[in-house]
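Asks: I need the structure of the sequence given here:
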Amino acid sequence: MRSLSLLLAIFLGVALSFDPGDYPNKVTFSSSYSLYWKINGNKFQFGAQVATLGWVGIGIGEKTSGSMPGADIAVISISGNKPVITDHYATAFEYPSVDTCQDWVLLSHEVVDGTTTMVEVERLIDTGDTQDRVLEVGPMMMVYAYGDKGDATLSYHDSRRGIYAVQFWEDPIAQPDPTESDLQTQTNLMVNFKVPTRSTTYACIAHKVPVNNNEQDKHVVRVEPILDPRTHGISHHMLVHQCIDNSPISWASLYLEKSTQCISPIGMPFSGCNTLMYGWAMGIEELNYPPDVGARMGFSRAAFQYIVIEMHYANPDGIRGLVDSTGYKMFYTSRLRKYDGATLTTGDPFISFPSIPAHSPSEGRESTCPAQCTRQFKDDIHIFISALHMHVSGSQMWTTHFRDDKYLGTISRSDFFAFDNQHTNYVNVTVRKGDSLNTHCVFNTADRTRPTAFGYASFSEMCMDFLGYYPRQEFGLSGMDFSYCGWFGWFGPHWTLCGSNFGFMTGQSIMPLHNPSNSDLESTRAIVFGTEPNSCLAKKD
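Replies: Numbering: from 1, shown residues only. Below is the predicted model:
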């Protein structure tokens, strides 16, 4: 009966409101915007309750970025005193385009108490439309916006917008929370570091792991970021390094229990740090290791004894008096799991790509982790996470996988990269000995008047894919993790980096192999979202 009433209401232009009690799921985006949802066969229904008398926007963003560019957006507005719905898509921070195929359906619209707009919309889970987003398993990045009370039609939303991760279905490859009954935690912070007024600052602090040398090793199984609200927007990114050396010039010795300005231990073989345990940038969430994997800490050959936090602060406005205690909490167990985990950084790990020209809207860089490097693995490895990382001019990034020069697939991809909304993407990829990986980054420097160098500063650039993998591979005789594979350009030639920090000092990690060795940048960079669809048949039942 309700369905018939809704159809009559839409046909006659009568405004009915949806009943929140009909929806089993709800998320509150803000004090002004709540979203309800349910699945109805092959369709999704959303209900929105918004504190406005103006237009209402509901959007589905790219999973790996979540900003307005790359979003599929439904806008409910008023035209001729009647509510209408328009299907839009956005590929840039500009007025969104109208879809060729109008796939969203408005089921109801009502203004309640003269303050609140309630709308109900419907769409196929997969419209087959290249200007729409498919609703998928795992966290979907929902974007929302709404107009001021006088904005009957779509207008600039000012601060009335946001991004929120919503999981409609559980992701089968996402890693579950740890279940060990003996879980313990350790929290490590920067401890009231006074952030300088200059634009770019790097700072470090070292901590001992909670294992004595007369105890058995332990496994870290989960890491959560702890963010200091005092430095929100100033904390640029955090890297958590595993370190195995406390000699007088090591980072574990120089920065033990004290927050001090530093340079990154990456590329510094005497730093004593051999790989990453965790990386955070704006938008990145907690990390769970797979149920049979952990990061080994302790005093065996494969374990680490110290952890160094490396923080990058970006303070371009020179704000004074900022104090930061950003850090992380790690969960660990004495019940060692089957495998030791590690991190392989591909792309440009030592930050040596050539500069990006000014006035370039789409400048690409590419790096190969070649077969000659992965053949040095003792085992095939299993990649379970990917964290794509660039800076503010980064626009697109992805890593592809090859075996015997044949393309096997893409490990992780962001076609609308958002620096302020980066993510750890759970993946499930097996890399065999002799496989190769190509990491690609595309940059937009159209509004810059000088070349953009690769470096540590916020307005410099980076191009790295942090790949969590198991089982841990050891490089050479150093005892360090096999942690770097990609471009090496410090000495001029486009050589290949393959190995560890210590191997770099001895020259073992530098291969005289041209990089990239099997380019696929141009053949895989095309962006499908936003292109003209072949037809609009998908919306017909």
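Asks: Point out where the stretch 151-300 of the chain drops to low pLDDT.
Replies: Low-confidence regions of the stretch 151-300 of the chain, defined by pLDDT under 70, span residues 151-153, 155-158, 282-283.
Asks: can you check the chain too?
Replies: Looking at the chain by pLDDT under 70, you get 1-16, 150-153, 155-158, 282-283, 477-478, 505, 537-541.
Asks: Need the residue closest to the centroid of it.
Replies: Closest residue to the average C-alpha location of the chain: H423 at 1.7 Å, with Cα atoms, centre = their mean.
Asks: T439 bridge partners, please.
Replies: Beta bridges link T439 to S367, T399, judged by DSSP bridges.
Asks: give the contact list for it.
Replies: Taking Cβ atoms under 8 Å, 6 or more residues apart in numbering, we find T439 in contact with 346-348, 366-367, 369, 397-399, 463-465, 486. In this view, the C-beta of every residue, glycine as well, is placed from N, C-alpha and C.
Asks: Of those residues, just say which sits nearest to T179.
Replies: D465 (29.4 Å; Cβ to Cβ).
Asks: before we move on, back to that, measure the residue nearest to the centre of the chain to G138 for me?
Replies: Going from H423 to G138 by Cβ to Cβ, to the nearest Å gives 10 Å.
Asks: before we move on, what about Q102?
Replies: Q102 is 27 Å from G138, by Cβ to Cβ.
Asks: ok, back up a step: for L227, state which of the contacts of T439 is nearest.
Replies: Of the contacts of T439, the one sitting nearest to L227 (Cβ to Cβ) turns out to be M464, at 21.4 Å.
Asks: I'd say the closest one and G347 touch.
Replies: Yes. With contacts counted by Cβ atoms under 8 Å, M464 reaches G347, the gap being 4.5 Å.
Asks: I figured the residue nearest to the centre of the chain was touching S386, is that so?
Replies: No. Under the contact definition of Cβ under 8 Å, H423 does not touch S386, with a separation of 9.3 Å.
Asks: My guess is C204 contacts I307. True?
Replies: No. Using Cβ under 8 Å, C204 is not in contact with I307; the gap is 10.7 Å.
Asks: Just give me the neighbour total for P533.
Replies: 17 (other Cβ atoms under 10 Å).
Asks: what are the phi and psi angles of it?
Replies: Reported as degrees, to the nearest 10, the phi and psi values for P533 are phi -70, psi 160.
Asks: ok, it - contacts?
Replies: Per Cβ under 8 Å, 6+ apart, neighbours of P533: 100-101, 128-131.
Asks: next one: G70
Replies: 61-62, 90-91, 415-416, 529.
Asks: cool, P370 as well?
Replies: For P370, the contacting residues are 436, 496, 498, 511, 513, 515, 517-518, by Cβ under 8 Å, 6+ apart.
Asks: burial of the residue nearest to N288 when sequence neighbours are not counted, as a residue count?
Replies: Leaving aside its sequence neighbours, N288 sits nearest to Q175 (Cβ to Cβ, 6 or more residues apart in numbering; 3.9 Å). Using other Cβ under 10 Å, Q175 has 18 neighbouring residues.
Asks: Was I right to think Q175 contacts G294?
Replies: No. The criterion here is Cβ under 8 Å, and Q175 misses it with G294 at 11.4 Å.
Asks: Now do the helices in the protein.
Replies: 2-12, 251-254, 371-374, 501-506, 521-524 (DSSP state H).
Asks: If the closest residue to V429 other than its chain neighbours is in a bridge, with which residues?
Replies: Distances taken as Cβ to Cβ, 6+ apart put I383 closest to V429, at 4.5 Å, once the chain neighbours are dropped. Legend: beta-bridge partners of I383 under DSSP bridges are V429, Y469.
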